Structure formats: structure tokens, C-alpha cells
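J.: pasting the sequence and the predicted coordinates here, then a few questions.
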Amino acid sequence: MPDLDLDLTRDALATSTLDHGLQLLGERWTMAVVLGAFLGVRRFDEWQSRLGIPRHTLAQRLRSLTELGLLRQRPYQQRPLRHAYHLTTKGMTLYPHVLMMWVWERRWGRRALDLPERLVHTRCGHAFAPALACEACGEKAGIGDLRFTLAPNTALQGRPSVRSRAPRLAASDGAEPSHGLTVDRWVLLIVSAVLLGCHHFDALSHVLGIGSSVLSRRLANMVDAGLLLCQTDLADGRRKIYRLTPASRDLFGYILCFAAWASRHHFGEPSSIRPTHRACGRPFRPQVVCSHCRAPLLAHEVRFEMAPQ
Ligand SMILES: [Zn+2]
Ligand SMILES: [Zn+2]
């Protein structure tokens, strides 16, 4: 492991399209509503019954997703007037990220949501698992196939409008909620910081700018959830070392697809955390492909079957 530049890592994380995108969409309920939209949920009551989400929370999340241009309202009943929510063209661009989220939540999540059990690629006719590939060379890529360079992006430094439009995130602080998805903004940022080489408490606190009591609680929650291993550092018995588990290592596709989405489709800014595909030497742009035929996956070419209740 080369020496880690903590200030550079902190600045890159703080100006990453990952963090800024997660400030908009990284709250558990918000992501659950997006997943629901891709499963064909359109109406308020249906989201409410399938997710068990409080009405005011759902109304607020639908409003912010509409303001972000990801959903749009269409009336489905005149008297009394009722609206359904449909994904917009921009909303549909979240599909690769949503596929990675489905896969991860089914494999490792709490299964609080009904997620598709089987995906069929109608283009090739086969059941498949979504796989992450390099857009430049088409080869499949895992976390070990990438190298990261950090280049803080001052264009995303402050962006006060970003923060003020984000849903309140406080609800997922403290005790783990029993509902919704397993991961949220903080889980993904902590996993990213560990992926970038921060393994000690002090380093994580520095690069994430989180005070020690809040960070201790978040790390303990992640250890309990099987997303981090906390071990005594063999090089210094007084220190703890944090490592990723198979479940949290498996989040890298999800993280890369979301950061790429935020760069390309929302902020129009390069990410400050830049992956290179070692095998082809080109900047790594994630593409989610069919494990059977290797074609990029389009929402209208994928059929899914839900798990039996
Ligand atoms: Zn490549
Ligand atoms: Zn296929």
C-alpha cells in the first residue's frame, strides 16, 4: 500500500460526484422509491403498501425526485384528481445503477423489499446476472482490476444548492432502521474511503470529516451489519484496523455506477475519484452487461420475475 495522502483523499471525497449525488439520492427511503419505480410502481398507495413508508415521507421523497427530474406526474384519475409517477428519460438513466442495487440487495441485503428473483434478457433469451464491464474494452472488471487517481474538482466544492435540495438525512443516523435498504450515503462513503486505503479510525475521521462519536456509531453499525471487519492492527496492538467484508467489497459496482451516473447525467462534471482499467489502460467507464451475451442492458430488454411470497 503506497503512502496515503489524507488531505488529498478528503478533498477528493468531498468533491466527488459520488458524495454529491448521494446527498440527493443516498437516503434509504429515496433509493427504495427509485427501486420501486423500476419495478413498475406508479401510484402513491402502491408505494406505501409495498415499502411500508410513512405517507409524509413518501410524499416528500416523490416531490424531491420530481424536482430532480427523475419522476414526472401524470394524472390517472380526474375526480378526485390523482397522479401517478413515471420515470422520465433522465430517471431511466439510473438503470445500470439500479441493476447493481438489485443484485446487491438480493445477495446481501435485509430483503425488506420484494426484489426480482430472476432476470431474463429478452434480447438473447437467457436468464442472466448483471455484470460490470469496461465500456472501452468490453472486458468484465472487478475491484482489483482498477487503479484510482484522485483529482479534487473545485466545481463541486460548495454547491450549496445541492445540500439544500437534499432530503433530510438525519432519519438514518443513530440506530439502524428496520425498514428499507441496507445501505445509505454514509455506508457507501465509508466503504469508498476504505477502498481508497483508509483503514484506521483517525484516517476515516479525517477524510470523511465526521466527529468521533458519530463515526464510532456508524462503524459499529456496519460491523454489526457484516459490512466491516474490525481487527487489532498487528503492526500496532493499540489500534484497530477496519477492512471490507465480501458483502461490502461487492458494493464497488454499485458505487462506480452511481458515481458515473452522477457525473454524466446529473452534474456534468468529472468525478474526482478516477478509475483506470489496468488491463486496457483507459479511463474506466462502467457498463452493466448481460452475463450471458455481454450486451449492455436496457430496461425494455429485461424481464423480471419476483420471488414468491
Ligand atoms: Zn478496459
Ligand atoms: Zn443477454
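T.: That came through, no problem. Ligands and ions are numbered 1, 2, ... in the order given.
J.: the bottom helix or strand of this structure by mean pLDDT?
T.: helix 160-165 (a mean of 42; mean pLDDT, DSSP states H and E).
J.: distance from the centroid: which residue in the chain tops it?
T.: Most distant residue from the mean C-alpha position of the chain: Arg79, 38.5 Å away (C-alpha atoms, centre = their mean).
J.: distance of that one relative to ligand 2?
T.: To ligand 2, Arg79 is 45 Å away according to C-beta to the ion, to the nearest Å. In this view, the C-beta of every residue, glycine as well, is placed from N, C-alpha and C.
J.: check which element follows the least confident helix or strand of the chain along the chain.
T.: Counting by DSSP states H and E, the element after helix 160-165 in chain order, helix or strand, is helix 185-195.
J.: which of the residues in that following helix are buried?
T.: Using 16 or more other C-beta atoms under 10 Å as the test for burial, helix 185-195 gives Arg185, Trp186, Val187, Leu188, Leu189, Ile190, Val191, Ser192, Ala193, Val194, Leu195.
J.: could you name the helices and strands sitting against that helix?
T.: Counting by 3 or more C-beta pairs under 8 Å, 6 or more residues apart in numbering; DSSP states H and E, the packing neighbours recorded for helix 185-195 are helix 6-14, helix 17-25, helix 201-208, helix 212-224, strand 240-244, helix 252-261.
J.: just the CA atoms of the first one, as PDB, please.
T.: The reference is to helix 6-14. What follows is helix 6-14, C-alpha atoms only, in PDB (Å, rounded to 0.1, in the frame of the first residue of the first chain):
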ATOM      1  CA  LEU A   6      -5.200  12.000   3.700                       C
ATOM      2  CA  ASP A   7      -5.800  15.600   2.700                       C
ATOM      3  CA  LEU A   8      -6.000  14.700  -1.000                       C
ATOM      4  CA  THR A   9      -8.300  11.800  -0.200                       C
ATOM      5  CA  ARG A  10     -10.500  14.100   1.900                       C
ATOM      6  CA  ASP A  11     -10.700  16.700  -0.800                       C
ATOM      7  CA  ALA A  12     -11.400  14.100  -3.500                       C
ATOM      8  CA  LEU A  13     -14.200  12.500  -1.500                       C
ATOM      9  CA  ALA A  14     -15.800  15.900  -0.600                       C
END
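J.: before we move on, the earlier item: out of the buried residues of helix 185-195, flag the one nearest to ligand 2.
T.: Leu188 (28.2 Å; C-beta to the ion).
J.: so the closest one is in contact with Gly26, correct?
T.: Yes - between Leu188 and Gly26 there is a contact under C-beta atoms under 8 Å: 6.6 Å.
J.: and Leu132, helix, strand or coil?
T.: Assigned state for Leu132: strand (three-state reduction, DSSP: H, G, I helix; E, B strand; the rest coil).
J.: what's opposite it in the beta bridge?
T.: Val288 (DSSP bridges).
J.: state the distance from Phe44 to ligand 1.
T.: 43 Å.
J.: do I have it right that that residue meets Arg61?
T.: No - counting by C-beta under 8 Å, Phe44 sits too far from Arg61 to count as a contact (10.9 Å).
J.: more neighbours: which of these two?
T.: Higher neighbour count among Phe44 and Arg61: Arg61, with 23 against 16, using other C-beta atoms under 10 Å.
J.: give me the common contacts of Phe44 and Arg61.
T.: Between them, Phe44 and Arg61 share no contacting residue under C-beta atoms under 8 Å, 6 or more residues apart in numbering.
J.: from the contact counts, what lies against the host helix or strand of Ser49?
T.: Assigned by DSSP H and E, Ser49 falls within helix 44-51. On a contact count with 3+ C-beta pairs under 8 Å, 6+ apart, helix 44-51 meets helix 28-38, helix 55-67, strand 82-87.
J.: pLDDT of the first one, averaged?
T.: So the one you mean is helix 28-38. Taken as a whole, helix 28-38 has a mean pLDDT of 92.
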